[in-house]
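**Q** prediction below, plus the sequence it came from.
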Amino acid sequence: QVQLVESGGGSVQVGGSLRLSCAVSRSRYYSCRYDMSWYRQAPGKEREFVSGIDSDGSTSYADSVKGRFTISQDNAKNMLYLQMNSLKPEDTAMYYCKIVCSNGVSWLDYWGLGTQVTVSS
């Protein structure tokens, strides 16, 4: 099986910073792609893409977080990170990491349970 565990969320004031982490573990029967991503979901809204990192290290960001968030990855430790600076109230959401893995039959998206980020003014 594949398991993702997010951490690092919390409550901060506007302008503050947080660093989210995502720990990935998998059984030897699964193969996972190196590209991973962060999503978030605010109350009453759909889950949205925040940032992604490809196997070659290239990164992508939603327009709303460009210049403020930085995604990084440590493949040796099976960790994904999201450094969030200059946080705004609209960044308040549950943050999830996602990876795509295969059990040899099909490729599926795997998600963690999320970590809550709350930004207050």
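**A** That came through fine. Note that the structure is predicted; figures quoted are calculated from it, not measured. Residues are numbered from 1 along each chain as shown.

**Q** contacts only, for residue 64.
**A** Residues in contact with residue 64 (CB atoms under 8 Å, 6 or more residues apart in numbering) are residue 90. The way it works is simple: take the backbone N, C-alpha and C, and place the C-beta from them, glycine included.

**Q** residue 76 belongs to a helix?
**A** Yes - assessed with DSSP: H, G, I helix; E, B strand; the rest coil, residue 76 lies in a helix.

**Q** run through the residues that contact it.
**A** Per CB under 8 Å, 6+ apart, neighbours of residue 76: none.

**Q** how confident is the prediction for it, by pLDDT?
**A** On pLDDT, residue 76 comes in at 85.

**Q** what is the neighbour count of the nearest residue to residue 117 once chain neighbours are set aside?
**A** Leaving aside its sequence neighbours, residue 117 sits nearest to residue 9 (CB to CB, 6 or more residues apart in numbering; 4.8 Å). When counting by other CB atoms under 10 Å, one arrives at 19 neighbours for residue 9.

**Q** hang on, residue 9 packs against residue 97?
**A** No - applying CB atoms under 8 Å, one finds residue 9 not in contact with residue 97, separated by 11.7 Å.

**Q** overlap in contacts of the two?
**A** Counting by CB under 8 Å, 6+ apart, the residues touching both residue 9 and residue 97 are residue 20.

**Q** the one residue sitting closest to the centre of the chain sits in which helix or strand?
**A** Centroid check for the chain by CA atoms, centre = their mean gives residue 38 as the closest residue, at 2.7 Å. Using DSSP states H and E, residue 38 falls within strand 31-41.

**Q** can you list the strands that the helix or strand just after that strand pairs with?
**A** Sequence-wise, the next helix or strand downstream of strand 31-41 (DSSP H and E) is strand 48-53. Within its sheet, and counting by DSSP bridges, strand 48-53 is paired with strand 31-41 (antiparallel), strand 59-61 (antiparallel).
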